[in-house]
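Trainee: Got a predicted model here, sequence first, then my questions.
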Amino acid sequence: MPTGILGKKIGMTRVFDADGTAIPVTVVHAGPCVVVQRKTTETDGYEAVQVGFEDKKRGRTNSPMTGHFASANRPNVKPKRHLREFGLLPDEELEVGDEVRVDMFEVGQIVDVTGTSKGKGFAGVMKRLGYRGGKASHGSKVHRTPQSAGATDAARVFKNTGRPGQLGNKRVTIRGLKVVRVDAERNLLLIKGHVPGANGGLLCIKARAIG
(Lines give C-alpha, C1' and ligand atoms only; values in the text may rest on other atoms or scores of the structure.)
Protein backbone atom coordinates (compact mmCIF):
# COMPACT_ATOMS: atom_id res chain seq x y z
CA MET A 1 0.00 0.00 0.00
CA PRO A 2 1.09 3.64 -0.35
CA THR A 3 2.54 5.47 2.61
CA GLY A 4 -0.53 7.68 3.06
CA ILE A 5 -4.15 8.51 2.31
CA LEU A 6 -6.29 11.62 1.90
CA GLY A 7 -9.29 12.47 4.02
CA LYS A 8 -11.49 15.18 5.51
CA LYS A 9 -11.71 16.26 9.11
CA ILE A 10 -15.16 15.65 10.58
CA GLY A 11 -14.65 16.85 14.14
CA MET A 12 -13.56 15.82 17.61
CA THR A 13 -15.11 13.49 20.15
CA ARG A 14 -13.93 11.05 22.79
CA VAL A 15 -13.81 7.29 23.17
CA PHE A 16 -13.15 5.07 26.16
CA ASP A 17 -10.57 2.32 26.43
CA ALA A 18 -10.94 -0.96 28.34
CA ASP A 19 -10.01 0.76 31.62
CA GLY A 20 -12.64 3.46 31.17
CA THR A 21 -10.11 6.20 30.41
CA ALA A 22 -11.47 8.93 28.12
CA ILE A 23 -9.34 9.49 25.01
CA PRO A 24 -9.86 12.68 22.94
CA VAL A 25 -9.88 11.77 19.26
CA THR A 26 -10.33 13.44 15.88
CA VAL A 27 -12.67 11.70 13.46
CA VAL A 28 -11.39 11.69 9.87
CA HIS A 29 -13.29 10.48 6.81
CA ALA A 30 -10.34 8.92 5.00
CA GLY A 31 -10.67 7.66 1.44
CA PRO A 32 -11.48 5.72 -0.49
CA CYS A 33 -8.84 7.08 -2.86
CA VAL A 34 -8.15 5.81 -6.36
CA VAL A 35 -4.74 5.50 -8.01
CA VAL A 36 -4.68 7.99 -10.89
CA GLN A 37 -1.04 7.65 -11.96
CA ARG A 38 1.81 5.24 -11.28
CA LYS A 39 5.36 6.56 -11.04
CA THR A 40 8.17 4.08 -11.69
CA THR A 41 11.95 4.14 -11.50
CA GLU A 42 12.23 3.54 -15.24
CA THR A 43 10.04 6.49 -16.27
CA ASP A 44 10.29 8.94 -13.35
CA GLY A 45 13.30 7.88 -11.32
CA TYR A 46 11.37 6.85 -8.20
CA GLU A 47 8.50 4.65 -7.05
CA ALA A 48 5.25 6.40 -6.09
CA VAL A 49 1.55 6.65 -6.84
CA GLN A 50 -0.67 9.66 -7.40
CA VAL A 51 -4.03 9.20 -5.71
CA GLY A 52 -7.25 11.16 -6.13
CA PHE A 53 -9.87 11.91 -3.50
CA GLU A 54 -13.45 13.21 -3.75
CA ASP A 55 -15.25 13.14 -7.09
CA LYS A 56 -15.49 16.30 -9.17
CA LYS A 57 -17.93 17.17 -11.93
CA ARG A 58 -16.48 16.85 -15.42
CA GLY A 59 -17.90 20.24 -16.34
CA ARG A 60 -15.79 21.84 -13.60
CA THR A 61 -12.58 20.15 -14.74
CA ASN A 62 -10.33 22.03 -17.16
CA SER A 63 -8.98 20.48 -20.35
CA PRO A 64 -5.46 19.56 -19.13
CA MET A 65 -6.81 17.75 -16.06
CA THR A 66 -9.54 16.08 -18.12
CA GLY A 67 -6.83 14.64 -20.35
CA HIS A 68 -4.81 13.59 -17.31
CA PHE A 69 -7.67 11.54 -15.90
CA ALA A 70 -8.57 10.17 -19.34
CA SER A 71 -4.99 8.93 -19.83
CA ALA A 72 -5.54 6.48 -16.98
CA ASN A 73 -7.93 4.59 -19.30
CA ARG A 74 -9.84 3.10 -16.40
CA PRO A 75 -13.64 3.40 -15.94
CA ASN A 76 -13.34 4.06 -12.20
CA VAL A 77 -10.76 6.85 -12.61
CA LYS A 78 -13.00 9.89 -12.75
CA PRO A 79 -12.08 13.55 -12.22
CA LYS A 80 -11.06 14.11 -8.61
CA ARG A 81 -11.02 17.28 -6.56
CA HIS A 82 -7.76 16.54 -4.74
CA LEU A 83 -4.57 14.86 -6.00
CA ARG A 84 -1.55 13.93 -3.91
CA GLU A 85 1.50 11.75 -4.39
CA PHE A 86 2.67 9.10 -1.95
CA GLY A 87 5.64 6.78 -1.92
CA LEU A 88 5.11 3.04 -1.94
CA LEU A 89 5.93 0.66 0.87
CA PRO A 90 8.54 -2.00 -0.02
CA ASP A 91 7.38 -4.91 -2.18
CA GLU A 92 4.06 -3.24 -3.00
CA GLU A 93 2.60 -3.27 -6.49
CA LEU A 94 -0.27 -0.89 -7.18
CA GLU A 95 -1.72 -0.22 -10.59
CA VAL A 96 -3.82 2.62 -11.97
CA GLY A 97 -7.44 2.20 -10.93
CA ASP A 98 -6.71 0.39 -7.65
CA GLU A 99 -8.40 1.73 -4.52
CA VAL A 100 -6.63 2.85 -1.36
CA ARG A 101 -8.83 2.40 1.68
CA VAL A 102 -8.63 3.22 5.36
CA ASP A 103 -7.97 -0.40 6.34
CA MET A 104 -4.33 0.17 5.37
CA PHE A 105 -3.89 1.51 8.91
CA GLU A 106 -3.87 -0.50 12.13
CA VAL A 107 -4.87 0.38 15.68
CA GLY A 108 -1.86 1.74 17.55
CA GLN A 109 -0.02 2.80 14.39
CA ILE A 110 1.83 6.13 14.46
CA VAL A 111 0.95 8.65 11.74
CA ASP A 112 1.80 12.20 10.68
CA VAL A 113 -1.15 14.43 9.75
CA THR A 114 -0.81 17.46 7.47
CA GLY A 115 -3.47 20.11 6.92
CA THR A 116 -4.07 23.85 6.58
CA SER A 117 -4.42 25.58 9.94
CA LYS A 118 -7.35 27.85 10.71
CA GLY A 119 -6.90 31.42 9.51
CA LYS A 120 -7.16 33.94 12.35
CA GLY A 121 -6.79 37.14 10.36
CA PHE A 122 -4.39 39.99 11.05
CA ALA A 123 -2.61 39.75 14.40
CA GLY A 124 0.04 41.67 16.29
CA VAL A 125 3.42 40.34 17.31
CA MET A 126 2.37 39.38 20.84
CA LYS A 127 -0.35 37.03 19.64
CA ARG A 128 1.35 35.99 16.41
CA LEU A 129 4.93 35.47 17.61
CA GLY A 130 4.67 35.40 21.39
CA TYR A 131 6.54 38.66 22.03
CA ARG A 132 6.63 39.81 25.64
CA GLY A 133 5.60 43.37 24.85
CA GLY A 134 6.49 46.60 26.61
CA LYS A 135 5.71 47.85 30.08
CA ALA A 136 2.09 47.89 31.14
CA SER A 137 2.62 50.75 33.60
CA HIS A 138 0.99 54.15 33.21
CA GLY A 139 3.07 56.54 31.15
CA SER A 140 4.63 53.93 28.90
CA LYS A 141 3.66 54.50 25.30
CA VAL A 142 4.92 51.11 24.12
CA HIS A 143 2.67 48.24 25.20
CA ARG A 144 1.93 45.76 22.42
CA THR A 145 3.91 47.24 19.51
CA PRO A 146 6.92 45.40 18.00
CA GLN A 147 9.22 48.28 19.06
CA SER A 148 12.62 48.44 17.33
CA ALA A 149 12.93 47.15 13.78
CA GLY A 150 16.73 46.81 13.98
CA ALA A 151 19.72 49.01 13.24
CA THR A 152 18.92 52.52 11.96
CA ASP A 153 22.01 52.84 9.77
CA ALA A 154 21.03 49.90 7.57
CA ALA A 155 18.24 51.93 5.97
CA ARG A 156 16.17 48.78 5.62
CA VAL A 157 14.39 46.15 7.65
CA PHE A 158 16.31 42.89 7.94
CA LYS A 159 14.73 39.64 6.79
CA ASN A 160 12.92 37.44 9.33
CA THR A 161 12.24 40.40 11.61
CA GLY A 162 9.04 39.76 13.52
CA ARG A 163 6.22 41.95 12.24
CA PRO A 164 2.43 41.92 12.55
CA GLY A 165 0.64 39.98 9.84
CA GLN A 166 -1.67 37.13 9.01
CA LEU A 167 -1.96 34.45 11.68
CA GLY A 168 -2.74 30.88 10.66
CA ASN A 169 -3.83 29.65 7.22
CA LYS A 170 -0.54 27.77 6.79
CA ARG A 171 0.41 24.21 5.99
CA VAL A 172 0.98 22.46 9.31
CA THR A 173 2.11 18.91 10.11
CA ILE A 174 1.54 17.27 13.49
CA ARG A 175 3.79 14.27 13.94
CA GLY A 176 3.57 11.19 16.10
CA LEU A 177 -0.20 10.81 16.45
CA LYS A 178 -1.67 7.42 17.31
CA VAL A 179 -4.48 5.64 15.48
CA VAL A 180 -7.14 4.69 18.05
CA ARG A 181 -9.77 3.04 15.86
CA VAL A 182 -10.26 2.06 12.22
CA ASP A 183 -13.82 1.77 10.85
CA ALA A 184 -13.38 0.21 7.41
CA GLU A 185 -17.14 0.00 6.72
CA ARG A 186 -17.69 3.75 7.10
CA ASN A 187 -14.18 4.82 5.99
CA LEU A 188 -13.50 6.48 9.34
CA LEU A 189 -10.19 6.91 11.11
CA LEU A 190 -10.04 7.95 14.77
CA ILE A 191 -6.75 9.65 15.65
CA LYS A 192 -5.74 10.55 19.20
CA GLY A 193 -5.49 14.29 19.82
CA HIS A 194 -6.11 17.22 17.50
CA VAL A 195 -5.14 17.70 13.86
CA PRO A 196 -4.67 20.93 11.85
CA GLY A 197 -7.52 22.81 10.24
CA ALA A 198 -11.24 23.35 10.54
CA ASN A 199 -13.96 20.74 10.19
CA GLY A 200 -14.29 19.75 6.54
CA GLY A 201 -10.67 20.59 5.74
CA LEU A 202 -8.47 18.34 3.64
CA LEU A 203 -5.98 16.16 5.52
CA CYS A 204 -3.03 14.10 4.40
CA ILE A 205 -2.40 11.14 6.73
CA LYS A 206 0.99 9.49 6.33
CA ALA A 207 2.20 6.33 8.02
CA ARG A 208 5.28 6.98 10.12
CA ALA A 209 8.39 5.45 8.65
CA ILE A 210 9.84 2.73 10.86
CA GLY A 211 13.30 3.55 12.17
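Mentor: Cool, got the structure. Numbering: from 1, shown residues only.
Trainee: Now the element after the helix-or-strand element of the chain with minimal mean pLDDT, going C-ward?
Mentor: Of all helical and strand segments in the chain, the minimum by mean pLDDT, DSSP states H and E falls on helix 41-44, at a mean of 86. Using DSSP states H and E, the helix or strand that follows helix 41-44 in sequence is strand 48-55.
Trainee: returning to what we had before: and the least confident helix or strand of the chain, what does it pack against?
Mentor: Using 3 or more Cβ pairs under 8 Å, 6 or more residues apart in numbering; DSSP states H and E as the contact criterion, helix 41-44 has no neighbours among helices and strands. To be clear about C-beta, it is placed using only N, CA and C from the backbone, and glycine gets the same treatment.
Trainee: where's Glu93, which helix or strand?
Mentor: Going by DSSP H and E, Glu93 is not in any helix or strand.
Trainee: Make residue 1 into 47 and carry on from there
Mentor: Happy to do that; since the first residue is 47 now, the last one works out to Glu139.
Trainee: That one: how many residues sit nearby?
Mentor: For Glu139, the number of neighbouring residues by other Cβ atoms under 10 Å comes to 8.
Trainee: what sits against Ser186?
Mentor: Contacts for Ser186 (Cβ atoms under 8 Å, 6 or more residues apart in numbering) come out as Gly180.
Trainee: actually Ala182, not the one I wrote
Mentor: For Ala182, the contact set (Cβ under 8 Å, 6+ apart) comprises His189.
Trainee: Flag the shaky bits of the chain, pLDDT-wise.
Mentor: Along the chain, segments meeting pLDDT under 70 span 47, 136, 255-257.
Trainee: Can you give me the domain boundaries for it?
Mentor: 47-76+150-165+214-257, 79-146, 169-213 (automatic domain parsing).
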